[in-house]
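Q: Sharing a sequence plus its predicted fold:
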Amino acid sequence: MSNYNVLPASLAIRSMKSSGFKSTDYAVAELIDNSIQAGEKNLNTKTNIDVVCVERKIKINNKKYNAIKEILIFDDAGGMDPDTLRNSLRFGQGTNLDPEEQKGMGKFGMGLPNSSISQCDLVEVYSWQKKGEVFFTKLDLEAIYQGSEEIPGAVKKDIPKKYHNASNLCQADGGTLIIWKKLDKPSWVRHEAFFKNSEFLVGRMYRHYISSGKAEINFKAFFEDGIGNFEKKHELKIRPNDPLMLMHGTSAPDGYNDNPAFEETDRPHLFPVSINGKTSIVKMRFSIAKKTTRETTDQNVSAGATPIGKYCARNIGVSIVRADRELELNTTWISPDTRERWWSIEISFEPELDDIFGVTNDKQHARNLYQADLSNDAENLDLKKYDYLETLRDSEDPRYWNYEISRIINARISTMRKTISDQQSSKKNGPSKKRKSEKIATLAINERSQKGYVTNTDKDNIHTSIEDKTNRISDIYHENGMMEEDAIKLANMMTSNNLRFHYIDASLNSGSIFDFSQECGDYVVKINRNHPVYKNIFKILDDNEDEDSAGLIGLKMLISAWVRLEDEAMEGSKDKEFYEDTRIAWGQMTRDFMRGLND
């Protein structure tokens, strides 16, 4: 009899195997999803999950190495009956495909088989709903390649004794054990690398479940000798990894694991999304680093180079969370600026919005959630943005919701970036800054003085006491937004090193790019925040927390040279007036030329 299947099973399996998961961590996460959701349906107060790596000796080029040969996932989530067990290895046979049942992490009925074949060629599953009555079945790709198209019926079979030594969850009243054998695509060869990466990723994906006590996830590693004996090598309890940096008991570095490094900027923003006559809420949370988090005790170490700075850098992105489980860190809202690590956003929604947000069947992406520019997109279509938005809304196009969410997020990010920039302005004017720009400019004016170009400012520098200068400079820093304690520290550092240039970001009412004043023998140079040069040049070059970039140092030297040029002109002379008038006119002309950059 001819076979008229649309797609042969062996070909379908090969195709699905090649279009799998980002890494072994994400594949394991699919099975953790199943365990947690099964535990919830079974009304478990807490679901326990053990992920176990079994290593054996392998020989490569006459050398022996330990390598992961099996991965086991145990849970105490209640187990499956024989029919459910058999169906669990079939593609598209999930227990909650019905939209009315889509309240948890699962949905597509692809998790167990799809994740498993992305990593191995043989999947064995043991499950029990009461002790002593364990059922077994498997998904064997080799059998499928040879023509088999059915999952074997579930049969009674005890869990091999050696696996009992790997986890006490075998003794649970009800649970499941999944075994990946014939591994062919693991991301990690040895358990050390697997655990190091997985602790961070899995802890972030399931942070809400772990933090609330609804789930406990442990990673274990065993070495199996040639006769089946297991020797424990490593055990790791997964702690939550919170990108918002607001949780307690996390995997953040010491000092921040129980003392959150960030603070929430406002109450969560609740955004209603209507679909098919029903309304579902999208929740957005925003957090920003505390000022103390970005302070360092060593002036030679930037905040970004500290353990907490490096930790935050690994969590850069907008966290997209579905049913309390993270799908991804979306980086479309992120700029190359290293300071992006100091703010965080979480967008969370329920599975009923999967179609709106384009959630993929491997639950690794929400394709319809990304940074979007309504004005630019409407202009490309030769439409007014409000007309374009109304058209999308009326047609229930998912882009409408993304534009609205993106608008909210863009506005919040803008505010947080400004706060961070203000923090940094204070920090950069603090004692931790290396002050290369100030040193170079000070050396230059000292050389000018030695060559006979002595100004009244130079004379003031000689005749003003260090105490008077420190007090005056400290007041100037404080008047321009710096905390009093930081202002005093910086003024002391600057005067004790005889650094005579002070660069300050300030909002000026003139059209000048910068203004300056002479204070006790020093130059206080105020860079105008309100001028387009500030946004389009200074801020772009200002990309390093620890020190000015080479480009910014060069720009500051140009300004410093102009400051000295004006100062060396004789007081009341036409030259001095000309230089001052030219500086103001040049700033106004530059402002007019640069207006188009931000249109």
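A: Received it, and whenever you're ready, just let me know what you need.
Q: got any ranges where this protein has weak pLDDT?
A: 1-13, 15-20, 92-110, 187, 299, 423-434, 543-546, 572, 598-599 (pLDDT under 70).
Q: per the record, what domains does it have?
A: For the chain, automatic domain parsing gives the domain ranges 9-237, 262-425, 429-598.
Q: Can I get those domains in TSV including mean neighbour count and distance to residue 247?
A: Every residue, glycine included, has its C-beta placed from N, CA and C. TSV is the format used below for the domains of the chain (neighbours: other Cβ atoms under 10 Å; distance: least, Cβ to Cβ, whole Å):
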stretch	mean neighbour count	distance to residue 247
domain 9-237	18	5
domain 262-425	17	10
domain 429-598	17	25
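Q: need those domains in CSV with distance to residue 251, can you?
A: What follows is the domains of the chain, written out as CSV (distance: least, Cβ to Cβ, whole Å):
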stretch, distance to residue 251
domain 9-237, 5
domain 262-425, 8
domain 429-598, 24
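Q: do you know which of those domains lies nearest residue 246?
A: With Cβ to Cβ, the closest approach to residue 246 among the domains of the chain belongs to domain 262-425: 5.7 Å.
Q: starting at the chain centroid, how far to that closest one?
A: Computed by Cα atoms, centre = their mean, to the nearest Å, the chain-centroid distance of domain 262-425 equals 11 Å.
Q: Compare the domains of the chain and give me the one nearest residue 255.
A: Per Cβ to Cβ, nearest to residue 255 of those: domain 262-425, 7.5 Å.
Q: State whether residue 396 is indeed within a strand.
A: No. Counting by DSSP: H, G, I helix; E, B strand; the rest coil, residue 396 is not found in a strand; it is coil.
Q: May I have the phi/psi pair for it?
A: The phi and psi values for residue 396, taken as degrees, to the nearest 10, are phi 60, psi 40.
Q: Without its sequence neighbours, what residue ends up closest to it?
A: residue 275 (7.5 Å; Cβ to Cβ, 6 or more residues apart in numbering).
Q: Please tell me I have it right and residue 498 contacts residue 442.
A: Yes. Residue 498 is within contact range of residue 442, at 7.0 Å (criterion: Cβ atoms under 8 Å).
Q: what sits against residue 134?
A: 126-128, 156-159 (Cβ atoms under 8 Å, 6 or more residues apart in numbering).
Q: beta partners of it?
A: For residue 134, the residues forming beta bridges with it (DSSP bridges) are residue 128.
Q: gap between it and residue 435?
A: 69 Å (Cβ to Cβ, to the nearest Å).
Q: Same question for residue 113.
A: 61 Å.
Q: where does residue 151 fall, phi/psi-wise?
A: The phi/psi pair for residue 151 (degrees, to the nearest 10) reads phi -80, psi 130.
Q: Is residue 356 in a helix, a strand, or coil?
A: Look at residue 356: counting by three-state DSSP, its state is helix.
Q: before we move on, the earlier item: if the residue nearest to residue 396 is in a bridge, with which residues?
A: Bridge pairing for residue 275 - DSSP bridges - gives residue 278.
Q: dump the residue contacts of the spatially closest residue to residue 245 that is not a sequence neighbour.
A: Distances taken as Cβ to Cβ, 6+ apart place residue 262 nearest to residue 245, at 3.6 Å, with adjacent residues excluded. Residues in contact with residue 262 (Cβ under 8 Å, 6+ apart) are 244-246, 287-290, 293, 344.
Q: For residue 126, which residues are in contact?
A: Per Cβ under 8 Å, 6+ apart, neighbours of residue 126: 134-136, 157, 159, 176-177, 179.
Q: Residue 350 and residue 322 touch, don't they?
A: Yes. At 7.5 Å, residue 350 counts as touching residue 322 under the criterion of Cβ under 8 Å.
Q: quick one, strands of the stretch 451-599 of the chain?
A: 501-506, 514-519, 522-528 (DSSP state E, counting those that start in this stretch).
Q: Quick one: those as a markdown table, columns for distance to residue 280 too.
A: Formatted as a markdown table, those follow (distance: least, Cβ to Cβ, whole Å):
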| stretch | distance to residue 280 |
| --- | --- |
| strand 501-506 | 43 |
| strand 514-519 | 51 |
| strand 522-528 | 46 |
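Q: Which neighbouring elements make contact with whichever strand or helix holds residue 417?
A: Assessed by DSSP states H and E, residue 417 sits inside helix 398-428. Applying 3 or more Cβ pairs under 8 Å, 6 or more residues apart in numbering; DSSP states H and E, we find helix 398-428 packed against strand 269-275, strand 278-289, strand 343-349, helix 354-357, helix 374-380, helix 385-394.
Q: change it to 6 Å
A: Helices and strands touching helix 398-428, by 3 or more Cβ pairs under 6 Å, 6 or more residues apart in numbering; DSSP states H and E, are strand 278-289, helix 385-394.
Q: residues in contact with residue 564?
A: Residues near residue 564 by Cβ atoms under 6 Å, 6 or more residues apart in numbering: residue 445.
Q: any idea how far it is from residue 500?
A: Relative to residue 500, and taking Cβ to Cβ, residue 564 is found at 10 Å.
Q: ok, now residue 470?
A: Distance from residue 470 to residue 500, by Cβ to Cβ: 13 Å.
Q: now do residue 472
A: 13 Å.
Q: One more: residue 131?
A: Residue 131 is 81 Å from residue 500, by Cβ to Cβ.
Q: With residue 34 instead?
A: Residue 34 is 67 Å from residue 500, by Cβ to Cβ.
Q: Could you do residue 239 as well?
A: 50 Å.
Q: swap in residue 491?
A: For residue 491 relative to residue 500 (Cβ to Cβ), the value is 13 Å.
Q: Over to residue 249?
A: As judged by Cβ to Cβ, residue 249 and residue 500 stand 49 Å apart.
Q: swap in residue 324?
A: From residue 324 to residue 500 the distance is 56 Å (Cβ to Cβ).
Q: Same check on residue 298?
A: Separation of residue 298 from residue 500 (Cβ to Cβ): 25 Å.
Q: One more: residue 569?
A: Distance from residue 569 to residue 500, by Cβ to Cβ: 18 Å.
Q: same deal with residue 401?
A: From residue 401 over to residue 500 the distance is 56 Å, taken as Cβ to Cβ.
Q: Over to residue 409?
A: Counting by Cβ to Cβ, the gap from residue 409 to residue 500 is 44 Å.
Q: same deal with residue 37?
A: 66 Å.
Q: Kindly report the same for residue 172.
A: In terms of Cβ to Cβ, residue 172 sits 73 Å off from residue 500.
Q: Distance-wise, check the closest residue to residue 556 other than its chain neighbours relative to residue 149.
A: Excluding the flanking residues, the one nearest residue 556 by Cβ to Cβ, 6+ apart is residue 437, at 4.5 Å. For residue 437, the distance to residue 149 equals 72 Å [Cβ to Cβ].
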